[in-house]
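K.L.:
all I have is the shape, not the residue letters:
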């Protein structure tokens, strides 16, 4: 899944590698190499991908050729940054990260870490260099979009905060669908699979797309989940556990319909005294009437393992009264539901 390798001829290797990108690129590159690979980059960004490029230079001045190239990249929705750190420029240790799991490095380095940790190291380094670089903005009247998340690498169903800030646009939307009504806002989501979000914004003069890729890491042999059906929101929501001494504790309303299950890339069967056998992507559904423990046992590569999950019911009449009152006010229901979601998330932490 993860891959790190060195390409002595960096620009030539990028020309080939960029053909294989599916979701995202994070590229630290010199001003000379980006000119050599510009055609391949433009071929790539014709697809829907998230792209962040840091151009390393020994000066803040930009040639006309570089300026035009950057302008075209920005018009295509790429975030372009300029970095004038002389030490970084002289080091010449540039690299490409694509789809959050593959790294092509210009200069060989030695590491005793496993490949996954090496990729995470490059992601961290890119983020730090990005924070010390300057985002290039060429036209103050153009639509400006900041679209990011607090994490781009999460576990299945792990809550992640997405934020957006949009200027000079008359209309925007986010797909896969996120209820977004304000030009400056945020929301917390939970993902099961790798997801590429697309924010489209427009005014009378232009239309622009911005992409955000979040990688869902399923490298663990097994990922448990607990979800509940919320009759007010009319949807199923995943709960976030509080982990104490290896036990995953979840909370939800008394009498709420609960679904518990797991997913895995491996052929694993769980056993619990209450449920019996449970297989991958098979939900066990029940109504929570009291605090309930599940003690799952399974075999992994001949090793016996176990997982304890505790689901605790609670009751809050004040919240229920607020829900009933807000159901009588449809115009206010959306903002209330958003606040309610945030409340539920806090209860899980």
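P.N.:
It's in. Because the structure is predicted, anything quoted here is derived from the model rather than measured.
K.L.:
at the geometric centre of this protein, which residue sits there?
P.N.:
residue 214 (2.3 Å; CA atoms, centre = their mean).
K.L.:
ok, what's across the strand from the closest residue to residue 257 other than its chain neighbours?
P.N.:
Excluding its sequence neighbours, the residue lying closest to residue 257 (CB to CB, 6 or more residues apart in numbering) is residue 229, at 4.5 Å. No exception for glycine: its C-beta is placed from N, CA and C like everyone else's. For residue 229, the beta-bridge partners under DSSP bridges are residue 236.
K.L.:
give me the neighbour count for residue 229.
P.N.:
15 (other CB atoms under 10 Å).
K.L.:
please apply the same query to residue 306.
P.N.:
12.
K.L.:
tell me the strands beside the helix or strand hosting it, with direction?
P.N.:
Per DSSP states H and E: residue 306 is located in strand 303-314. Sheet pairing of strand 303-314 (DSSP bridges) gives strand 247-253 (parallel), strand 292-300 (antiparallel).
K.L.:
so this protein: which segments form each domain?
P.N.:
3-135, 144-216, 223-314 (automatic domain parsing).
K.L.:
most tightly packed of the strands paired with strand 303-314?
P.N.:
strand 247-253 (a mean of 19; mean count of other CB atoms under 10 Å).
K.L.:
which residues sit against that one?
P.N.:
224, 226, 228, 239, 241-243, 258, 288, 307-315, 347-348 (CB atoms under 8 Å, 6 or more residues apart in numbering).
K.L.:
returning to what we had before: want to throw the domains of the chain into JSON lines with mean pLDDT?
P.N.:
Listed next are the domains of the chain as JSON lines, based on pLDDT from 0 to 100:
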{"stretch": "domain 3-135", "mean pLDDT": "92"}
{"stretch": "domain 144-216", "mean pLDDT": "90"}
{"stretch": "domain 223-314", "mean pLDDT": "84"}
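K.L.:
quick one: the strands in the stretch 201-349 of the chain?
P.N.:
In the stretch 201-349 of the chain, the strands defined using DSSP state E, counting those that start in this stretch lie at 207-216, 223-230, 235-238, 242-244, 247-253, 257-263, 269-272, 276-279, 284-287, 292-300, 303-314.
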